[in-house]
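>>> Mind looking at a prediction? Sequence and model below.
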Amino acid sequence: MSVISFQNKLMLKSNYGVVLCRSCTENGEPFFHYVMADKKGIEQMHRDYQSGKEVDFFSYGEIVLSGWGVNPTPEYELILNELFPQAA
């Protein structure tokens, strides 16, 4: 995982968002990503999903946290709050 600078954390509060995205591998294994993206990236991801287009999460923003399963455990929320304390 790449390091998020203090400047990026400040930008998150005013211009960016972190979106929980769920998907499955080709083998049907569920996984999730928390994607940090600007408004345009989030809107484009939603349009692509709605139209049935293949969604490449890396193309919309930065994946800040990932895991296996349908839903993240509470530990993932704690990690996210540590990464972005002002957004909590």
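Okay, I see it.
>>> Tell me who's in contact with the residue with the largest distance to the centre of the chain.
Most distant residue from the mean C-alpha position of the chain: residue 27, 21.7 Å away (CA atoms, centre = their mean). Residues near residue 27 by CB atoms under 8 Å, 6 or more residues apart in numbering: none. (Each C-beta comes from the backbone N, C-alpha and C, glycine too.)
>>> packing partners for the helix or strand hosting residue 36?
Here residue 36, judged by DSSP states H and E, is contained in strand 30-38. Secondary-structure packing of strand 30-38 (3 or more CB pairs under 8 Å, 6 or more residues apart in numbering; DSSP states H and E): helix 6-15, strand 16-24, helix 39-50, strand 62-68.
>>> weakest of those by average pLDDT?
Out of those, helix 6-15 stands lowest, with a mean of 52 (criterion: mean pLDDT).
>>> Surely residue 81 is in a helix?
Yes: assessed with DSSP: H, G, I helix; E, B strand; the rest coil, residue 81 lies in a helix.
>>> Counting neighbours, what do you get for residue 72?
Residue 72: 19 surrounding residues under other CB atoms under 10 Å.
>>> can you pull the pLDDT of it?
So residue 72 comes in at 89 (pLDDT).
>>> How about it, nearest residue that isn't a chain neighbour?
residue 32 (5.8 Å; CB to CB, 6 or more residues apart in numbering).
>>> shouldn't that neighbour be in contact with residue 66?
Yes: distance between residue 32 and residue 66: 6.8 Å, which falls inside the contact criterion (CB atoms under 8 Å).
>>> quick one: which of these two has more around it?
Remark: of residue 32 and residue 66, residue 32 carries more neighbours, 19 against 15, as counted by other CB under 10 Å.
>>> Spit out the contact partners of that one.
Shown in contact with residue 32 (CB under 8 Å, 6+ apart): 20-23, 66-67, 69-72.
>>> can you rerun that using 7 Å?
20-22, 66-67, 72 (CB atoms under 7 Å, 6 or more residues apart in numbering).
>>> can you tell me how far the residue nearest the centre of the chain sits from residue 45?
Closest residue to the average C-alpha location of the chain: residue 35 at 1.6 Å, with CA atoms, centre = their mean. To residue 45, residue 35 is 7 Å away according to CB to CB, to the nearest Å.
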